[in-house]
Structure formats: C-alpha cells, structure tokens
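Novice: test case, fold it:
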Amino acid sequence: MLNSTIAMFKPLLVLSFIFFAQTAAPSILSPQSGQTLRGQVEIIGNLNAPNFSSAELAFSYASDANSWFAIQTFTQIPTTQTLATWDTALIADGDYDLHLRVVLQDGASQDIVTSDLKIRNDTLPVADTVTPTEESSLLSAATLTPTVDIITVTPIFSTPTSLPANPVSVTPTSIYGYLARGGLIALVLFALFSLILRLRKN
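Specialist: Alright, predicted model coming up:
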C-alpha cells in the first residue's frame, strides 16, 4: 500500500522539482566566499530567471570592484549547473570577487557577487603541523634507546716455523777446526822451509 502511494506521488514530485528549478533565482553555488582556489575551478550555479535575455560571469580584484574581467557570456540558460571552468593559473595570486549578472528582457538585471576568493597557485598548501605537546608525546611513546654492540677482537698469531740450517754459518767448533788446520799447515811449511835451507848449505 505504501509503495503504491509513493508511486502515485512520484510524477508529482518530479514535476515540482523541475518547476522549482526553473523558477529558482540566479545564484553562484560554488566556489563560496572565503574559499582558497588553485588551478582549474568549476563555477557552479544557475541562471534561471523569468524573461532571461543574457548573462555574464566575470571576476575582479577584491581591492578594485569597478574593473571586471569576463570569464563567460551567455545568450541562453545553460543546460547544466556548471557555468564555466575558471583557469586561476592565468592570473596572479591574490583576493578576488566573482560576479554574475543576469540581464532580463525588459532591461533589468540581477547581480550576484561571491567575494573574498583567495587564489593561491604559487603558494603551497600549509601542511599539518605537530604541536610541541604532540611531539613530546610521540617521543615518549617511542623512546629511542641506542644500543652499542661490543665486539671483542682476539688476535691470532701464526705459529713460527724453524728456518733451515744456514750452510755458511760459522760455529765455534768450525772456528777451532780452522785454527788447528791453519797451525798444522804453518808447521808443515816451516819444516819444509827449514829443510830447504839446510840442503842449500850443504
């Protein structure tokens, strides 16, 4: 029963929504006042007005409300709520106002202004900062304790190997042997020399 009742009123609800959408006053829904803008920005709103003739969407410096620069002009009501795409990278960073003027067939006009739009293409977004209290709590939650590894170095000495005997080394025994031989040779030579002298005298 409830579903059938909703089904009966559904067409009526759709027609009511279309009626109110068509009769809604011109407005800028996005961006909103005070918003920070970067890059390509979609301007969303509606130009629905009785006896619509034309419309113009423009911007100005917040400090100079008398100089407007056109973004988009309209000769008929758009079929979507996206009125235009505003490339904010083409203008200098600063504070701007957005202006929508709808001109009616009788010459009257309706003005909608969204002020204090902050364009910041050359300024990076401010990152979340950590307060000193939060920082100290983070440090206390994860205290870093340095660890020192003690490495014990044990020297390793190679075992000395005995050198081979030196064939030309001189020992006390060999010295005594050389002296004995030398003395013996000297005695033999002296005896021969004495014998030769005796033979000559005879």
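Novice: C-alpha from now on. contacts and neighbour counts both.
Specialist: Will do.
Novice: can you name the next helix or strand after the helix or strand bottoming out on mean pLDDT in the chain?
Specialist: The weakest-scoring helix or strand in the chain, judged by mean pLDDT, DSSP states H and E, is helix 2-23 (a mean of 46). Sequence-wise, the next helix or strand downstream of helix 2-23 (DSSP states H and E) is strand 27-30.
Novice: confirm L98 sits in a helix?
Specialist: No: secondary structure of L98 (DSSP: H, G, I helix; E, B strand; the rest coil): strand, not part of a helix.
Novice: how many residues are close by it?
Specialist: Neighbour count of L98, defined by other CA atoms under 10 Å: 26.
Novice: beta partners of the residue nearest to it when sequence neighbours are not counted?
Specialist: Of all residues not flanking L98 in the chain, F59 sits nearest, at 4.5 Å (CA to CA, 6 or more residues apart in numbering). When assigned by DSSP bridges, F59 has beta-bridge partners F69, L98.
Novice: how close does F59 get to N46?
Specialist: According to CA to CA, to the nearest Å, F59 and N46 sit 17 Å apart.
Novice: would you confirm that S53 contacts A108?
Specialist: No: counting by CA atoms under 8 Å, A108 is not a contact partner of S53; they are 9.7 Å apart.
Novice: please say which of the two ends up with more neighbours.
Specialist: S53 (18 against 11).
Novice: that one falls within a helix, correct?
Specialist: No: assigned with three-state DSSP, S53 falls outside any helix and is strand.
Novice: all helices for this protein, in order.
Specialist: Under the criterion DSSP state H, the chain contains helices at 2-23, 132-141, 172-201.
Novice: residue ranges with poor pLDDT in this protein?
Specialist: For the chain, applying pLDDT under 70 flags the ranges 1-24, 125-171, 202.
Novice: what about 80?
Specialist: Under the criterion pLDDT under 80, the flagged ranges of the chain are 1-24, 65, 124-178, 201-202.
Novice: if I look at G107, how far off is R101?
Specialist: Taking CA to CA as the measure, G107 falls 12 Å from R101.
Novice: settle it for me: which of the two has more neighbours?
Specialist: Counted by other CA under 10 Å, G107 and R101 do not tie: R101 has more neighbours, with 19 against 10.
Novice: residues in contact with that one?
Specialist: Residues in contact with R101 (CA atoms under 8 Å, 6 or more residues apart in numbering) are 55-57, 109-112.
Novice: out of these, which end up buried?
Specialist: Buried subset of the contacts of R101 (neighbour count, 16 or more other CA atoms under 10 Å): 55-57.
Novice: now, which of these sits nearest L83?
Specialist: Nearest to L83 among those, counting by CA to CA, is L57 at 8.3 Å.
Novice: contacting residues for that closest one?
Specialist: 70-73, 98-101.
Novice: show me what contacts the closest residue to it other than its chain neighbours?
Specialist: Nearest non-adjacent residue to L57, counting by CA to CA, 6+ apart: L100, 4.7 Å away. Contact partners of L100, counting by CA under 8 Å, 6+ apart, are 27-28, 55-58, 111-113.
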